[in-house]
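> The following block contains a protein sequence and its predicted model.
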Amino acid sequence: MADTLGDLTNVDMKVYPTNECKSNCHFCMTDLRWKNTEAPTEKYLSNFKKAFEDYFNAGGRKVLFTGGEPTNRPDKLIGMLKLISNYPLDLVVIYTSGVNLLTPYTHNSQEVTLLQALSGEGLKDYNLSVHHYELHKRQELTSQKVCDLESIVEEAKELDLNIRLNCTLMKDYIGNAQEVMKYVDYARSLGVQDIYFRDLFHLANRDRSCAHANKAKLAFTDSQRVDFDTLVSEIKLIPNMQFNETLNRHRENGRTYIFDHLGTRISFGTLVVGTEKEDEITYMNFQPDGCAYRDMNGPESKLDL
């Protein structure tokens, strides 16, 4: 099957254990895309094993756990980490709000935190969604109480884990160079030296990319989208800001600009969705239904694995 997938050397495998998330963020990308019925854990893991092996044999080396909130399905996460543990991968990372990381979880007959359990299965990289440096601003973007970020970072340090803060750029929140640097200072105060500022996705060919969208969240997204290129140009002018490189990603649909500021890695990423080609895999999406898809636009992109 790997032969029919083509070369996936630079293609991410995005894994969605669930679309469920209690945060209900105003700008949630999952709520702008097609969703499907979640498979039970045993079936999901069996299908994941096959899809992952096909992905790996086609050259893929990056596995990203996302959602929904992936930590809402800890048994799936632990099961998948066990399945991939012996493969030489360039990156295994989880994108999470962090709300469940300090909750109790029974792992190897011991009561630990979920963060400790995931770490025990070899997961070292955690991208935490933190969309403002002020707690009340973070909280107004979501329906669920936000995570105890300070405690998570402290436990992550004890476990020698890598923490990146992911912040979505929005006009009324973090939307200009001054606010970006306030956020950077906040991250440093926590001891975090890796920050990713994400542009709200640009939605092209909306009859395709937004066919299943929550209209209220789509309107919020459109109203909050910043002028990304202008912002990056302004960032380059900040004293002691060193521009390192630009990465073209996701079959040229995305760009990431990487900077260093006094030892802190600061990245800015943007992505266009809805322009994916139908004859190639832009991302190998393993969805909650236990099936793989070549993009995130709808059931028509299902792969025959």
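On my side now, so go ahead.
> how much space between Asn36 and Thr30?
11 Å (CB to CB, to the nearest Å). The way it works is simple: take the backbone N, C-alpha and C, and place the C-beta from them, glycine included.
> what sits in contact with each of these two?
Common contacts of Asn36 and Thr30 (CB atoms under 8 Å, 6 or more residues apart in numbering): Asn19.
> These two: who's more crowded?
The neighbour comparison of Asn36 against Thr30 (other CB atoms under 10 Å) goes to Thr30, with 20 against 16.
> Local confidence estimate at the more buried one?
With respect to pLDDT, Thr30 scores 82.
> OK, contacts around it?
Counting by CB under 8 Å, 6+ apart, Thr30 has contacts 19, 21, 67-68.
> Save those as TSV, and put in secondary structure too.
As requested, the contacts of Thr30 are arranged in TSV below (DSSP: H, G, I helix; E, B strand; the rest coil):
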residue	secondary structure
Asn19	coil
Cys21	coil
Gly67	coil
Gly68	coil
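> just the residues you listed now: which is nearest Ser97?
Distance to Ser97, by CB to CB, is smallest for Cys21 among the contacts of Thr30, at 7.6 Å.
> Would you mind measuring from the closest one to Val99?
In terms of CB to CB, Cys21 sits 9 Å off from Val99.
> now the helices for the stretch 201-305 of the chain?
206-209, 215-224, 228-235 (DSSP state H, counting those that start in this stretch).
> The last one: which residues count as buried?
Using 16 or more other CB atoms under 10 Å as the test for burial, helix 228-235 gives 228, 231-232, 235.
> got the contact list for the closest residue to Gly175 other than its chain neighbours?
Leaving aside its sequence neighbours, Gly175 sits nearest to Val226 (CB to CB, 6 or more residues apart in numbering; 4.8 Å). Val226 sits next to 169-171, 175-176, 199-200 when contact means CB under 8 Å, 6+ apart.
> let's see it at 7 Å
Counting by CB atoms under 7 Å, 6 or more residues apart in numbering, Val226 makes contact with 169-171, 175, 199.
> picking that back up, find the pair from the contacts of Thr30 with maximum spatial separation.
Asn19 and Cys21 (7.3 Å).
> Next, show the common contact partners of those two.
Going by CB under 7 Å, 6+ apart, residues that sit against Asn19 and also against Cys21 are 67-68.
> Name the spans of this structure whose pLDDT lies under the cut-off.
Along the chain, segments meeting pLDDT under 70 span 1-3.
> Spatially central, which residue of it would that be?
Closest residue to the average C-alpha location of the chain: Tyr95 at 4.1 Å, with CA atoms, centre = their mean.
> which neighbours do Cys21 and Val99 share?
Each of Glu69 lies in contact with both Cys21 and Val99 under the rule CB under 7 Å, 6+ apart.
> before we move on, back to that, can you put the helices of the stretch 201-305 of the chain in CSV and add distance to Gln110?
Formatted as CSV, the helices of the stretch 201-305 of the chain follow (distance: least, CB to CB, whole Å):
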stretch, distance to Gln110
helix 206-209, 45
helix 215-224, 40
helix 228-235, 45
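> Could you work out which of these reaches nearest to Ala187?
Using CB to CB, the helices of the stretch 201-305 of the chain put helix 228-235 closest to Ala187, at 15.1 Å.
> Just the CA trace of that closest one, in CSV.
Once non-C-alpha atoms are left out, helix 228-235 reads as follows in CSV (Å, rounded to 0.1, in the frame of the first residue of the first chain):
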residue,chain,number,x,y,z
PHE,A,228,0.1,38.0,8.9
ASP,A,229,2.7,39.1,6.4
THR,A,230,2.7,42.7,7.8
LEU,A,231,3.1,41.3,11.3
VAL,A,232,6.0,39.2,10.3
SER,A,233,7.7,42.2,8.7
GLU,A,234,7.2,44.2,11.9
ILE,A,235,8.7,41.3,14.0
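> so what secondary structure elements neighbour it?
In terms of contacts (3 or more CB pairs under 7 Å, 6 or more residues apart in numbering; DSSP states H and E), helix 228-235 is packed against helix 177-190, strand 264-273.
> any idea which helix or strand comes after the longest one?
Later in the chain than helix 177-190, the nearest helix or strand by DSSP states H and E is strand 194-198.
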